[in-house]
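Peer 1: Here is a sequence with its predicted model. Questions after.
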Amino acid sequence: MSKLLFVYNAKSDILNSAFDFAHKIISPATYNCNLCKLTHNNFSEKKEWIDFRETSKHDLEFLHIDEFERIHDRKNYPAVFELVNDNLNQLISPDELNEINSTEELIAVLKTK
């Protein structure tokens, strides 16, 4: 079985989290993590995303840039990777993620890949 790694284009520390929270509310059009926009609203995860996560047959892991880079040597975010037997493959590139316009569309893309 594979694991899907979702890497947000954000850092995990408190200062960056607060900045990201404010940025999403004040200027959502310029916020640079489409994965965040697709999976979360301003205050919590989107219901469609929660339902997908809870019913997925894959092991899902969600990481920020700093968490991901401690383990893997990649530098282009946001992205979705598939980890199979210690082999990391990019499943959805940042460019592809930026073309996705809704949570439902993200889920559909994940299901086809």
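Peer 2: Looks like it came in fine.
Peer 1: okay, CA-based contacts and neighbour counts for the rest of this
Peer 2: Will do.
Peer 1: all helices for the protein, in order.
Peer 2: 14-26, 34-39, 47-55, 65-69, 94-99, 103-112 (DSSP state H).
Peer 1: And those helices: which comes nearest Glu82?
Peer 2: helix 103-112 (10.7 Å; CA to CA).
Peer 1: who does the closest one touch, helix- and strand-wise?
Peer 2: helix 34-39, helix 47-55 (3 or more CA pairs under 8 Å, 6 or more residues apart in numbering; DSSP states H and E).
Peer 1: Please identify the most buried of those.
Peer 2: Comparing the helices and strands packed on helix 103-112 by mean neighbour count (mean count of other CA atoms under 10 Å), helix 34-39 comes out on top with a mean of 20.
Peer 1: CA atoms only for that helix, dumped as PDB, please.
Peer 2: Listed next in PDB are the C-alpha coordinates belonging to helix 34-39 (Å, rounded to 0.1, in the frame of the first residue of the first chain):
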ATOM      1  CA  ASN A  34      -3.600  26.400  -3.400                       C
ATOM      2  CA  LEU A  35      -3.500  23.100  -1.500                       C
ATOM      3  CA  CYS A  36      -4.400  25.000   1.700                       C
ATOM      4  CA  LYS A  37      -7.300  26.800  -0.200                       C
ATOM      5  CA  LEU A  38      -8.600  23.500  -1.600                       C
ATOM      6  CA  THR A  39      -8.600  21.600   1.800                       C
END
